[in-house]
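[1] build me a model from this:
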Amino acid sequence: MYPKILEKIADTLNRLPDQTQVSIALVRNKQVAYQGMISQDGNIDYIDNYTSAFEIGSITKAFTGNVLAQLIIEKKVDPDDPAQKYLPFPLLNSPSFTLKQLALHTAGLPRMPHDFDTQPNYDKTNPFKNYTEEQLISYLTQHLRLDSQPGEKHLYSNLGAGLLSYIISKIERKPFAKVVRERIFIPLKMNHSTFDIREVKAEMVRGIDEHDNFCSHWDGGVLNGCLGIISTAEDLSKFAIMTCDSGNTAASLQATETFPINDLQSCNLGWYELHIMPEDIRMQGLNGGTGGYGASILANRARNCSVILLSNISPDRYMQLIYPLVKELFIELSK
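    As a prediction, this is how the structure comes out:
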(Lines give C-alpha, C1' and ligand atoms only; values in the text may rest on other atoms or scores of the structure.)
Protein backbone atom coordinates (compact mmCIF):
# COMPACT_ATOMS: atom_id res chain seq x y z
CA MET A 1 0.00 0.00 0.00
CA TYR A 2 2.96 2.38 -0.59
CA PRO A 3 3.78 3.12 3.08
CA LYS A 4 5.79 6.28 2.41
CA ILE A 5 2.86 7.98 0.66
CA LEU A 6 0.39 6.72 3.25
CA GLU A 7 2.65 8.19 5.92
CA LYS A 8 2.47 11.56 4.13
CA ILE A 9 -1.34 11.33 4.12
CA ALA A 10 -1.33 10.47 7.83
CA ASP A 11 0.96 13.43 8.55
CA THR A 12 -1.44 15.68 6.65
CA LEU A 13 -4.45 14.38 8.58
CA ASN A 14 -2.60 15.11 11.77
CA ARG A 15 -2.73 18.81 10.88
CA LEU A 16 -6.46 18.76 10.18
CA PRO A 17 -9.47 18.87 12.54
CA ASP A 18 -10.39 16.01 14.84
CA GLN A 19 -12.59 13.39 13.09
CA THR A 20 -11.10 14.11 9.67
CA GLN A 21 -10.83 10.86 7.74
CA VAL A 22 -9.92 9.37 4.38
CA SER A 23 -11.05 6.17 2.70
CA ILE A 24 -8.68 4.84 0.03
CA ALA A 25 -9.06 2.12 -2.60
CA LEU A 26 -6.22 0.97 -4.85
CA VAL A 27 -7.32 -1.11 -7.84
CA ARG A 28 -5.02 -3.15 -10.06
CA ASN A 29 -6.19 -5.80 -12.53
CA LYS A 30 -9.60 -5.91 -10.79
CA GLN A 31 -8.02 -6.60 -7.39
CA VAL A 32 -8.75 -4.02 -4.69
CA ALA A 33 -6.87 -3.03 -1.53
CA TYR A 34 -8.41 -0.65 1.00
CA GLN A 35 -6.98 1.66 3.65
CA GLY A 36 -8.79 4.06 5.96
CA MET A 37 -7.45 6.65 8.39
CA ILE A 38 -9.03 8.95 10.93
CA SER A 39 -7.65 11.77 13.06
CA GLN A 40 -9.01 11.49 16.59
CA ASP A 41 -7.82 12.67 19.98
CA GLY A 42 -4.46 13.75 18.58
CA ASN A 43 -3.73 10.39 16.96
CA ILE A 44 -4.06 8.87 13.49
CA ASP A 45 -5.90 5.55 13.65
CA TYR A 46 -6.16 3.08 10.80
CA ILE A 47 -9.77 1.99 10.27
CA ASP A 48 -11.89 -0.10 7.92
CA ASN A 49 -14.09 2.58 6.36
CA TYR A 50 -14.34 1.31 2.78
CA THR A 51 -18.10 0.88 3.24
CA SER A 52 -18.56 4.32 4.84
CA ALA A 53 -20.45 6.85 2.73
CA PHE A 54 -19.11 10.21 1.54
CA GLU A 55 -20.39 12.86 -0.84
CA ILE A 56 -18.36 12.58 -4.06
CA GLY A 57 -19.30 15.92 -5.66
CA SER A 58 -18.26 16.31 -9.28
CA ILE A 59 -17.18 12.68 -9.65
CA THR A 60 -20.90 12.35 -10.37
CA LYS A 61 -20.16 13.80 -13.82
CA ALA A 62 -18.41 10.56 -14.85
CA PHE A 63 -21.68 8.72 -14.19
CA THR A 64 -23.63 11.27 -16.23
CA GLY A 65 -21.17 10.82 -19.10
CA ASN A 66 -21.46 7.04 -18.85
CA VAL A 67 -25.24 7.17 -19.12
CA LEU A 68 -24.93 9.43 -22.18
CA ALA A 69 -22.50 6.93 -23.72
CA GLN A 70 -24.98 4.12 -23.11
CA LEU A 71 -27.77 6.09 -24.81
CA ILE A 72 -25.48 6.78 -27.80
CA ILE A 73 -24.60 3.08 -28.13
CA GLU A 74 -28.30 2.17 -27.93
CA LYS A 75 -28.96 4.77 -30.66
CA LYS A 76 -31.48 6.55 -28.48
CA VAL A 77 -29.52 9.73 -29.16
CA ASP A 78 -26.80 10.99 -31.46
CA PRO A 79 -23.95 12.78 -29.64
CA ASP A 80 -24.28 15.67 -32.09
CA ASP A 81 -27.98 16.10 -31.48
CA PRO A 82 -28.76 19.66 -30.36
CA ALA A 83 -29.83 19.79 -26.73
CA GLN A 84 -32.89 21.75 -27.82
CA LYS A 85 -34.25 18.62 -29.53
CA TYR A 86 -34.99 17.03 -26.15
CA LEU A 87 -36.28 20.07 -24.26
CA PRO A 88 -40.03 20.86 -24.18
CA PHE A 89 -39.33 24.61 -24.05
CA PRO A 90 -37.32 26.99 -26.26
CA LEU A 91 -33.81 28.00 -25.21
CA LEU A 92 -33.30 31.76 -25.34
CA ASN A 93 -31.74 32.84 -28.64
CA SER A 94 -31.74 29.23 -29.92
CA PRO A 95 -28.13 28.22 -29.08
CA SER A 96 -26.87 25.23 -31.04
CA PHE A 97 -24.92 23.33 -28.36
CA THR A 98 -25.12 19.54 -28.50
CA LEU A 99 -25.36 16.68 -26.03
CA LYS A 100 -21.70 15.88 -26.57
CA GLN A 101 -20.70 19.50 -25.96
CA LEU A 102 -22.57 19.46 -22.64
CA ALA A 103 -20.55 16.41 -21.56
CA LEU A 104 -17.26 17.90 -22.83
CA HIS A 105 -17.84 21.32 -21.20
CA THR A 106 -17.68 22.97 -24.62
CA ALA A 107 -21.30 24.13 -24.88
CA GLY A 108 -20.33 27.67 -23.88
CA LEU A 109 -22.49 27.59 -20.76
CA PRO A 110 -21.33 29.39 -17.60
CA ARG A 111 -20.20 27.44 -14.56
CA MET A 112 -23.57 28.11 -12.92
CA PRO A 113 -26.71 30.01 -13.96
CA HIS A 114 -25.88 33.68 -13.66
CA ASP A 115 -28.80 34.23 -11.26
CA PHE A 116 -28.23 31.05 -9.24
CA ASP A 117 -27.19 32.57 -5.91
CA THR A 118 -29.56 35.52 -6.09
CA GLN A 119 -32.72 33.39 -6.02
CA PRO A 120 -34.93 34.09 -2.99
CA ASN A 121 -34.74 30.43 -1.88
CA TYR A 122 -30.93 30.16 -2.19
CA ASP A 123 -29.27 28.49 0.80
CA LYS A 124 -25.47 28.71 0.83
CA THR A 125 -25.27 25.76 3.26
CA ASN A 126 -27.01 23.52 0.69
CA PRO A 127 -26.88 25.62 -2.50
CA PHE A 128 -28.37 23.22 -5.07
CA LYS A 129 -31.24 21.84 -2.99
CA ASN A 130 -33.79 24.61 -3.51
CA TYR A 131 -33.03 25.40 -7.15
CA THR A 132 -36.23 24.20 -8.78
CA GLU A 133 -37.08 22.94 -12.24
CA GLU A 134 -39.20 26.06 -12.69
CA GLN A 135 -36.21 28.30 -11.92
CA LEU A 136 -34.02 26.33 -14.33
CA ILE A 137 -36.60 26.66 -17.11
CA SER A 138 -37.03 30.36 -16.39
CA TYR A 139 -33.26 30.87 -16.66
CA LEU A 140 -32.92 28.86 -19.86
CA THR A 141 -35.87 30.52 -21.59
CA GLN A 142 -35.49 34.11 -20.38
CA HIS A 143 -31.98 34.78 -19.08
CA LEU A 144 -29.61 32.28 -20.73
CA ARG A 145 -26.32 33.76 -21.82
CA LEU A 146 -23.36 31.87 -23.27
CA ASP A 147 -19.80 32.68 -22.24
CA SER A 148 -18.41 31.35 -25.55
CA GLN A 149 -19.74 29.90 -28.77
CA PRO A 150 -20.62 26.17 -28.73
CA GLY A 151 -17.60 24.02 -29.57
CA GLU A 152 -15.21 26.97 -29.40
CA LYS A 153 -13.38 26.18 -26.16
CA HIS A 154 -13.53 24.31 -22.88
CA LEU A 155 -15.38 26.06 -20.03
CA TYR A 156 -16.04 23.92 -16.96
CA SER A 157 -19.78 24.01 -16.29
CA ASN A 158 -21.84 22.51 -13.50
CA LEU A 159 -24.83 23.94 -15.34
CA GLY A 160 -23.89 22.00 -18.48
CA ALA A 161 -23.54 18.67 -16.68
CA GLY A 162 -26.71 19.34 -14.71
CA LEU A 163 -28.62 20.26 -17.87
CA LEU A 164 -27.38 17.05 -19.51
CA SER A 165 -28.74 14.98 -16.63
CA TYR A 166 -32.03 16.91 -16.85
CA ILE A 167 -32.25 16.12 -20.57
CA ILE A 168 -31.46 12.44 -19.91
CA SER A 169 -34.34 12.35 -17.42
CA LYS A 170 -36.64 13.68 -20.17
CA ILE A 171 -35.38 11.11 -22.69
CA GLU A 172 -35.74 8.20 -20.26
CA ARG A 173 -38.97 9.58 -18.74
CA LYS A 174 -37.85 9.04 -15.18
CA PRO A 175 -35.78 10.92 -12.58
CA PHE A 176 -32.08 11.00 -13.36
CA ALA A 177 -31.27 9.34 -10.03
CA LYS A 178 -33.41 6.37 -11.05
CA VAL A 179 -31.70 6.21 -14.46
CA VAL A 180 -28.27 5.98 -12.81
CA ARG A 181 -29.49 3.42 -10.29
CA GLU A 182 -30.91 1.18 -13.02
CA ARG A 183 -28.07 1.60 -15.51
CA ILE A 184 -25.02 1.72 -13.20
CA PHE A 185 -25.62 1.15 -9.49
CA ILE A 186 -27.67 -2.06 -9.83
CA PRO A 187 -25.62 -3.73 -12.63
CA LEU A 188 -22.34 -3.01 -10.79
CA LYS A 189 -23.81 -3.95 -7.39
CA MET A 190 -23.00 -0.50 -6.02
CA ASN A 191 -25.32 -1.21 -3.11
CA HIS A 192 -24.33 1.78 -0.97
CA SER A 193 -24.52 4.47 -3.67
CA THR A 194 -27.43 6.85 -3.96
CA PHE A 195 -28.49 10.42 -4.71
CA ASP A 196 -30.73 10.54 -1.63
CA ILE A 197 -29.18 10.81 1.83
CA ARG A 198 -32.34 9.27 3.26
CA GLU A 199 -31.46 6.05 1.42
CA VAL A 200 -27.93 5.75 2.84
CA LYS A 201 -27.66 2.43 4.69
CA ALA A 202 -23.92 2.62 5.39
CA GLU A 203 -22.33 4.87 7.98
CA MET A 204 -22.49 8.43 6.64
CA VAL A 205 -19.28 10.32 7.37
CA ARG A 206 -20.02 13.90 8.38
CA GLY A 207 -18.44 16.64 6.29
CA ILE A 208 -16.12 19.22 7.89
CA ASP A 209 -16.13 22.74 6.43
CA GLU A 210 -13.29 25.23 6.06
CA HIS A 211 -14.00 26.56 9.57
CA ASP A 212 -13.47 23.09 11.12
CA ASN A 213 -17.18 22.62 11.81
CA PHE A 214 -19.42 19.74 10.80
CA CYS A 215 -21.56 21.01 7.92
CA SER A 216 -24.76 20.36 6.01
CA HIS A 217 -25.21 17.72 3.35
CA TRP A 218 -25.48 19.01 -0.21
CA ASP A 219 -28.36 17.80 -2.39
CA GLY A 220 -27.97 17.91 -6.16
CA GLY A 221 -31.54 19.03 -6.80
CA VAL A 222 -32.60 19.47 -10.42
CA LEU A 223 -28.92 19.69 -11.46
CA ASN A 224 -27.95 16.46 -9.65
CA GLY A 225 -26.01 15.11 -12.61
CA CYS A 226 -23.21 17.51 -11.74
CA LEU A 227 -22.64 16.56 -8.08
CA GLY A 228 -25.42 14.53 -6.47
CA ILE A 229 -23.98 11.08 -5.67
CA ILE A 230 -23.16 9.70 -2.22
CA SER A 231 -20.92 6.61 -2.41
CA THR A 232 -18.22 4.48 -0.78
CA ALA A 233 -14.67 3.49 -1.68
CA GLU A 234 -15.89 -0.07 -2.18
CA ASP A 235 -18.63 0.97 -4.60
CA LEU A 236 -16.41 3.37 -6.53
CA SER A 237 -13.80 0.64 -6.96
CA LYS A 238 -16.47 -1.27 -8.92
CA PHE A 239 -17.09 1.76 -11.12
CA ALA A 240 -13.33 2.14 -11.60
CA ILE A 241 -12.97 -1.50 -12.66
CA MET A 242 -15.71 -0.95 -15.23
CA THR A 243 -14.03 2.24 -16.41
CA CYS A 244 -10.75 0.40 -17.03
CA ASP A 245 -12.43 -2.53 -18.81
CA SER A 246 -11.45 -2.24 -22.48
CA GLY A 247 -14.39 -4.49 -23.34
CA ASN A 248 -16.94 -2.12 -21.84
CA THR A 249 -18.32 -0.20 -24.81
CA ALA A 250 -19.76 2.72 -22.84
CA ALA A 251 -16.54 3.29 -20.87
CA SER A 252 -14.51 3.07 -24.08
CA LEU A 253 -16.80 5.56 -25.83
CA GLN A 254 -16.42 7.95 -22.91
CA ALA A 255 -12.65 7.85 -23.39
CA THR A 256 -12.85 8.12 -27.18
CA GLU A 257 -14.93 11.29 -27.43
CA THR A 258 -12.48 14.04 -26.53
CA PHE A 259 -11.77 17.75 -26.70
CA PRO A 260 -8.18 19.02 -26.29
CA ILE A 261 -7.73 21.70 -23.63
CA ASN A 262 -3.97 22.04 -23.96
CA ASP A 263 -0.98 19.89 -24.92
CA LEU A 264 -1.32 17.69 -21.84
CA GLN A 265 -5.00 17.82 -20.93
CA SER A 266 -8.27 16.98 -22.64
CA CYS A 267 -11.88 16.45 -21.66
CA ASN A 268 -13.78 13.23 -22.34
CA LEU A 269 -17.47 12.39 -21.87
CA GLY A 270 -17.71 13.22 -18.18
CA TRP A 271 -13.99 12.73 -17.48
CA TYR A 272 -10.75 14.65 -17.77
CA GLU A 273 -7.63 13.07 -19.25
CA LEU A 274 -4.14 14.19 -18.28
CA HIS A 275 -0.87 13.13 -19.90
CA ILE A 276 1.52 12.99 -16.96
CA MET A 277 5.13 13.72 -17.86
CA PRO A 278 7.93 12.68 -17.65
CA GLU A 279 6.40 9.37 -16.56
CA ASP A 280 4.35 9.18 -19.80
CA ILE A 281 1.19 8.07 -17.98
CA ARG A 282 -2.35 8.68 -19.24
CA MET A 283 -4.65 9.52 -16.36
CA GLN A 284 -8.41 9.64 -16.72
CA GLY A 285 -9.78 11.29 -13.62
CA LEU A 286 -12.07 13.60 -11.70
CA ASN A 287 -11.97 15.44 -8.41
CA GLY A 288 -15.10 16.31 -6.50
CA GLY A 289 -15.98 18.61 -3.66
CA THR A 290 -19.02 19.78 -1.72
CA GLY A 291 -19.25 21.85 1.45
CA GLY A 292 -17.31 19.43 3.65
CA TYR A 293 -16.01 16.74 1.34
CA GLY A 294 -13.19 16.24 -1.18
CA ALA A 295 -12.74 13.18 -3.38
CA SER A 296 -10.77 11.81 -6.33
CA ILE A 297 -11.01 8.90 -8.74
CA LEU A 298 -8.01 8.49 -11.04
CA ALA A 299 -7.86 5.69 -13.62
CA ASN A 300 -5.25 4.33 -16.01
CA ARG A 301 -7.11 2.34 -18.64
CA ALA A 302 -3.93 1.24 -20.41
CA ARG A 303 -2.48 -0.31 -17.24
CA ASN A 304 -5.81 -1.38 -15.71
CA CYS A 305 -5.37 0.38 -12.38
CA SER A 306 -6.98 3.20 -10.44
CA VAL A 307 -6.92 5.14 -7.17
CA ILE A 308 -9.97 6.29 -5.23
CA LEU A 309 -9.77 8.59 -2.21
CA LEU A 310 -12.79 9.90 -0.34
CA SER A 311 -12.55 12.39 2.51
CA ASN A 312 -14.56 14.70 4.72
CA ILE A 313 -12.12 17.53 4.02
CA SER A 314 -13.36 20.84 2.61
CA PRO A 315 -12.58 21.20 -1.12
CA ASP A 316 -9.90 23.90 -0.98
CA ARG A 317 -7.95 22.09 1.71
CA TYR A 318 -8.43 18.81 -0.11
CA MET A 319 -7.02 20.07 -3.39
CA GLN A 320 -4.10 21.78 -1.67
CA LEU A 321 -3.11 19.07 0.82
CA ILE A 322 -4.51 15.70 -0.25
CA TYR A 323 -4.92 15.64 -4.03
CA PRO A 324 -1.16 15.91 -4.74
CA LEU A 325 -0.68 12.77 -2.61
CA VAL A 326 -3.49 10.96 -4.45
CA LYS A 327 -1.78 11.79 -7.74
CA GLU A 328 1.52 10.54 -6.30
CA LEU A 329 -0.17 7.27 -5.33
CA PHE A 330 -1.60 6.98 -8.84
CA ILE A 331 1.78 7.47 -10.49
CA GLU A 332 3.36 4.82 -8.28
CA LEU A 333 0.49 2.39 -8.91
CA SER A 334 0.78 2.97 -12.67
CA LYS A 335 4.49 2.13 -12.87
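
[2] quick one: pLDDT of residue 269?
    pLDDT, residue 269: 98.

[3] that one: neighbouring residues, count only.
    By other Cβ atoms under 10 Å, 29 other residues sit near residue 269. Any C-beta I mention is one placed from the backbone N, CA and C, and that applies to glycine too.

[4] spit out the contact partners of residue 22.
    Contact partners of residue 22, counting by Cβ atoms under 8 Å, 6 or more residues apart in numbering, are 9, 13, 36, 37, 309, 310, 311, 313, 322.

[5] for it, which non-adjacent residue is closest in space?
    Closest residue to residue 22 apart from its sequence neighbours, by Cβ to Cβ, 6 or more residues apart in numbering: residue 311 at 4.6 Å.

[6] how far away is the one you found from residue 199?
    22 Å (Cβ to Cβ, to the nearest Å).

[7] more neighbours: the two, which one.
    The neighbour count for residue 311 versus residue 199, taken as other Cβ under 10 Å, is higher for residue 311 (31 against 12).

[8] contact partners of stretch 5-12?
    Against stretch 5-12 from outside (Cβ under 8 Å, 6+ apart): 22, 24, 35, 37, 44, 321, 322, 325, 328, 329, 332.

[9] which ones are touching the second one?
    With contact set as Cβ under 8 Å, 6+ apart, residue 24 has these partners: 6, 9, 34, 35, 36, 37, 233, 307, 308, 309, 310, 329.

[10] possible to save the residues you listed as a markdown table with distance to residue 281, neighbour count and pLDDT?
    As requested, the contacts of residue 24 are exported to a markdown table (distance: Cβ to Cβ, whole Å; neighbours: other Cβ atoms under 10 Å; pLDDT from 0 to 100):
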| residue | distance to residue 281 | neighbour count | pLDDT |
| --- | --- | --- | --- |
| 6 | 20 | 17 | 94 |
| 9 | 20 | 23 | 97 |
| 34 | 23 | 18 | 98 |
| 35 | 22 | 20 | 97 |
| 36 | 26 | 19 | 98 |
| 37 | 25 | 21 | 98 |
| 233 | 22 | 28 | 98 |
| 307 | 12 | 28 | 98 |
| 308 | 17 | 29 | 98 |
| 309 | 17 | 28 | 98 |
| 310 | 22 | 30 | 98 |
| 329 | 12 | 22 | 97 |
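
[11] from those residues, pick the one nearest residue 183.
    residue 308 (20.4 Å; Cβ to Cβ).

[12] any idea whether the closest residue to the closest one other than its chain neighbours is helix, strand or coil?
    Using Cβ to Cβ, 6+ apart and skipping residues adjacent in sequence, the residue nearest residue 308 is residue 25, 4.2 Å away. Secondary structure, DSSP: H, G, I helix; E, B strand; the rest coil: residue 25 is strand.

[13] and residue 25, how far from residue 299?
    From residue 25 across to residue 299, the span is 12 Å (Cβ to Cβ).

[14] got it, and residue 192?
    20 Å.

[15] cool, and residue 252?
    Distance from residue 252 to residue 299, by Cβ to Cβ: 12 Å.

[16] just residue 184 next, same as before
    15 Å.

[17] of these two, which one has the most company?
    A side-by-side neighbour count of residue 184 and residue 299, using other Cβ under 10 Å, places residue 299 first with 30 against 21.

[18] surely that one meets residue 241?
    No. Using Cβ atoms under 8 Å, residue 299 is not in contact with residue 241; the gap is 9.3 Å.

[19] who touches both of those two?
    With Cβ under 8 Å, 6+ apart, residue 299 and residue 241 have common neighbours residue 306.

[20] tell me where this protein has strands.
    With DSSP state E applied, the chain shows strands at 21-28, 31-40, 43-47, 54-55, 230-231, 258-260, 265-268, 272-276, 281-290, 293-300, 305-311, listed in chain order.

[21] right, I'll call it a day here.
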